[in-house]
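Student: structure, please.
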Amino acid sequence: MLVAAAVCPCPPLLVPDVAAGAAPELDDARTASVDALGVLAAARPDRLVVVGPADGVGHGPHPQGARGSFRGFGVALDVRLGPERAPRLGPERDPSPERELPLSLAVAAWLLARTGWADAPIEGLGVPETLAPERCAETGGEIRSRAARVALLVMGDASACRTVKAPGYLDERAAPFDARVAGALASADVAALGSLDAALAHELRASGRAPWQVLAAAAEGADLTGTLLYEDAPYGVGYLVAAWS
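Tutor: Numbering: from 1, shown residues only. A predicted model of the protein is given here:
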């Protein structure tokens with residue numbers, strides 16, 4: 001059963017070492033994200049699942065202790081998803097090589113390290129940005145059955161078309177789309193999140209659509225209350241932070 005959720009944006013700029021001189025511009029988003037993670041810890045979950053958008057190589061599960069990196073941005077910074085796992089011994093040992101975390105989960109790993117998370121076992125899940133709503137619903141339903149008390153950390157950005165300098169240029173549909181998402185997150189409205197238009201979200205480059213719809217399905221029947229902690233678009237990209245408990 002889902003007992004709490006935190007929704008955070010996932011731009012690498014959230015990490016101060018990557019943002020460098022621009023780091024202060026996202027201080028409020030960082031503070032809000034840390035506050036949202038505090039709600040997860042207060043719920044005392046048995047398991048934390050971190051869900052975020054990923055490209056082809058990052059799709060699928062990522063175990064506790066999986067590593068990520070921001071070296072592609074010229075920063076010698078590596079992260080790990082929670083505490084390192086104890087090595088498996090004997091015939092059950094997994095011989096497959098560990099995959100690197102997708103960027104969204106690497107940002108989540110950085111946030112978790114910043115808060116010193118050690119409250120429950122962690123697992124990561126990278127989902128395609130184009131994952132169909134039906135598959136999102138199936139994934140969310142499976143996640144809520146993972147443990148008696150499950151918490152979700154949901155990574156993803158809103159539209160990237162809020163201004164002419166945004167990655168997707170200006171699209172007049174972006175602000176209303178983001179407002180709808182913000183309202184759904186503020187009120188823990190699972191129906192509103194579940195009914196988001198996947199095609200429109202793709203056109204607006206909203207990487208959080210699939211993770212939000214996973215959250216919506218995982219929260220079905222949980223009767224959680226939502227709080228919107230941050231809403232802004234400093235680079236023409238919508239960044240939202242919310243906590244459900």
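Student: which residues in this structure form helices?
Tutor: Secondary structure of the chain (DSSP state H): helices located at 16-19, 27-42, 103-115, 133-143, 174-187, 190-194, 198-203, 209-218.
Student: what's the average pLDDT for the fourth one?
Tutor: Mean pLDDT, computed over helix 133-143, is 97.
Student: and that helix, C-alpha only, in CSV?
Tutor: Listed in CSV are the C-alpha atoms of helix 133-143, where the atom choice follows Å, rounded to 0.1, in the frame of the first residue of the first chain:
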residue,chain,number,x,y,z
PRO,A,133,-1.1,5.4,-19.7
GLU,A,134,-2.3,1.8,-19.5
ARG,A,135,1.2,0.6,-18.9
CYS,A,136,1.7,3.3,-16.3
ALA,A,137,-1.4,2.1,-14.5
GLU,A,138,-0.2,-1.5,-14.5
THR,A,139,3.2,-0.4,-13.2
GLY,A,140,1.7,1.7,-10.4
GLY,A,141,-0.5,-1.1,-9.3
GLU,A,142,2.4,-3.5,-9.1
ILE,A,143,4.5,-1.0,-7.1
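Student: ok now it, how far from the chain's centre?
Tutor: From the chain centre to the centre of helix 133-143 is a distance of 15 Å (CA atoms, centre = their mean, to the nearest Å).
Student: which other helices and strands does that helix contact?
Tutor: Packing partners of helix 133-143 (3 or more CB pairs under 8 Å, 6 or more residues apart in numbering; DSSP states H and E): strand 122-128, helix 209-218. To be clear about C-beta, it is placed using only N, CA and C from the backbone, and glycine gets the same treatment.
Student: ok, back up a step: CSV for the helices of the chain, including mean neighbour count and distance to residue 72?
Tutor: Shown next, in CSV, are those (neighbours: other CB atoms under 10 Å; distance: least, CB to CB, whole Å):
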stretch, mean neighbour count, distance to residue 72
helix 16-19, 17, 10
helix 27-42, 19, 21
helix 103-115, 24, 8
helix 133-143, 18, 27
helix 174-187, 20, 27
helix 190-194, 19, 31
helix 198-203, 16, 24
helix 209-218, 28, 22
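Student: for residue 236, which of these is the nearest?
Tutor: helix 174-187 (8.6 Å; CB to CB).
Student: pLDDT of the closest one, averaged?
Tutor: 98.
Student: lowest average confidence, helix or strand, in this protein?
Tutor: In the chain, no helix or strand scores lower on mean pLDDT, DSSP states H and E than helix 16-19, which sits at a mean of 92.
Student: lovely, talk soon.
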